[in-house]
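Novice: Sequence first, then the predicted structure:
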Amino acid sequence: MLFDKWFPASISTFSGDIDFVFYLIFYIVGFWFLLTEGLIIYSLIRHRKGKAAFFDGSGKRQSSWILIPAAVVLLLDLAIDYAGGQVYDKVKIETPDHIDLQVLVTAQQYGWFFTYPGEDNVLGTSDDIIFDEDAGAVPLHIPVGKVVQLHLKSADVIHSFFVPELRLKQDIVPGRIIPVWFQVTKKYLRKEPYEIACAELCGFGHHTMRAFLVVQTEEEFTGWLKEQAEEQW
Ligand SMILES: [Cu+2]
């Protein structure tokens, strides 16, 4: 497909749905763009010697040139709204019944800090594994094929959590904790980490605000988390 060269890899269970909406809009708009521009160019050449005539748009025949295209545009617009709404519901409104891992994400000028639940698998308890500023830039580790829920919070201003390959972007608003979820498809296990960017202009250092997403097998991930827990406790 055309977009394969333009888009970054598409690694989450819903990234294909998001891409579908892009394709839909692109092909609908592209088709009408080519058709209308083609008609204009054709008319310019075909009627280049003719005299201009004035149409006031009244009468059935003339007004149908306005009303029929307007109805077609409205219908296509509704189709895009419907498709977009379905995907929005799936990604942002609904949450899978079973969540395998929860991580608290703190955005702060200018970095990302991650907190994992300890053995009790519950965030906000004393055995949490916390990577703060002192820990340095520790990447977000997650197990492949598992449902991950992030709780996004900000320590200062509005930021935006963005991983292009997940097709996941969410604003982070101070005073709120906003949950988002994703699941990396099994075949996208790879050595190089993915980039996490801040997609909201949040101050002078905004361009430096990035972190990495490390996708591991379940065994690698559990081993890594255990090591971190032992180091911290
Ligand atoms: Cu930011």
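Specialist: Noted; the coordinates are in hand.
Novice: contacts and neighbour counts: CA atoms only from here.
Specialist: Noted.
Novice: could you say which helix or strand contains Ala70?
Specialist: According to DSSP states H and E, Ala70 maps onto helix 60-88.
Novice: for the record, mean pLDDT for whichever strand or helix holds Asp17?
Specialist: Assigned by DSSP H and E, Asp17 falls within helix 15-46. The pLDDT scores in helix 15-46 average 94.
Novice: Name the next helix or strand following the helix holding Ala70 along the chain.
Specialist: strand 101-108.
Novice: Just checking: what are the partner strands of that next one?
Specialist: Strands that pair with strand 101-108, judged by DSSP bridges, come out as strand 111-116 (antiparallel), strand 147-154 (parallel).
Novice: Figure out which of those is closest to the ion.
Specialist: For the strands paired with strand 101-108, the distance to the ion is smallest for strand 111-116, at 7.4 Å, taking CA to the ion.
Novice: what's the offset of the very next helix or strand once past the closest one from the middle of its chain?
Specialist: Past strand 111-116, further along toward the C-terminus, the next helix or strand under DSSP H and E is strand 129-130. Distance of strand 129-130 from its chain centroid, counting by CA atoms, centre = their mean, to the nearest Å, is 27 Å.
Novice: same check, this time on stretch 65-83
Specialist: With CA atoms, centre = their mean, you get 26 Å for stretch 65-83.
Novice: what does stretch 27-44 give?
Specialist: 31 Å.
Novice: What of stretch 188-199?
Specialist: Counting by CA atoms, centre = their mean, stretch 188-199 comes out at 13 Å from the chain centroid.
Novice: Check stretch 101-116 too.
Specialist: For stretch 101-116, the distance to the chain centre is 18 Å (CA atoms, centre = their mean).
Novice: hmm, that stretch touching the ion?
Specialist: No. Using CA under 5 Å from the ion, stretch 101-116 never reaches the ion; the gap is at least 6.0 Å.
Novice: and that stretch, how far apart are its ends?
Specialist: Start-to-end span of stretch 101-116 (CA to CA, to the nearest Å) is 8 Å.
Novice: Now the phi/psi pair for the closest residue to the ion within the chain, please.
Specialist: Closest to the ion within the chain is His159: 4.1 Å, counting by CA to the ion. The phi/psi pair for His159 (degrees, to the nearest 10) reads phi -120, psi 180.
Novice: Same check on Ala229?
Specialist: The phi/psi pair for Ala229 (degrees, to the nearest 10) is phi -60, psi -40.
Novice: count of neighbours near the spatially closest residue to it that is not a sequence neighbour?
Specialist: Sequence neighbours aside, Ile129 is the residue nearest to Ala229 in space, at 6.1 Å (criterion: CA to CA, 6 or more residues apart in numbering). The burial count assigned to Ile129 is 24, neighbours taken as other CA atoms under 10 Å.
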